[in-house]
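> need a structure here:
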Amino acid sequence: MNTEIVSTQKARVVGYFPAAAPQTQNYRVTNIPADRLTHVIYASADVNSDATCASVNAGDDKVNLEPSNL
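Numbers count the residues shown, from 1 in each chain. Coordinates of the predicted model:
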């Protein structure tokens, strides 16, 4: 029986970007070292009573996710 495990998945290097980072840490989306990451987790969100996702602060999202900032 062959017990060798072969992984076809590549390593992931994940960064976490809190939505309030520009205000609380003076850290902008453009500061993310994207060339060194495979994924970025953008937070924060909330879950409404109807189980839908909602922004915690739409103003932060507008600034952080503006195409000119990405």
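> alpha carbons only for contacts and neighbour counts from here, please
OK.
> low-scoring pLDDT stretches of this structure, where are they?
1-2, 69-70 (pLDDT under 70).
> where along it do the strands fall?
Using DSSP state E, the strands of the chain run over 14-18, 39-43, 45-47, 53-55.
> May I have the first one as CSV, with CA atoms only?
Coordinates of the C-alpha atoms in strand 14-18 are reproduced here as CSV (Å, rounded to 0.1, in the frame of the first residue of the first chain):
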residue,chain,number,x,y,z
VAL,A,14,-2.5,35.5,3.8
GLY,A,15,-2.7,39.1,5.1
TYR,A,16,-5.4,40.6,7.2
PHE,A,17,-6.6,44.1,6.6
PRO,A,18,-9.0,45.6,9.1
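> partner strands of that strand, parallel or antiparallel?
With DSSP bridges as the test, strand 14-18 is paired with strand 39-43 (parallel).
> for the protein, what spans make up the helices?
Remark: helices assigned in the chain by DSSP state H are 21-24, 58-64.
> Mean neighbour count, these: which tops it?
Stretch with highest mean neighbour count among the helices of the chain: helix 58-64 (a mean of 15; mean count of other Cα atoms under 10 Å).
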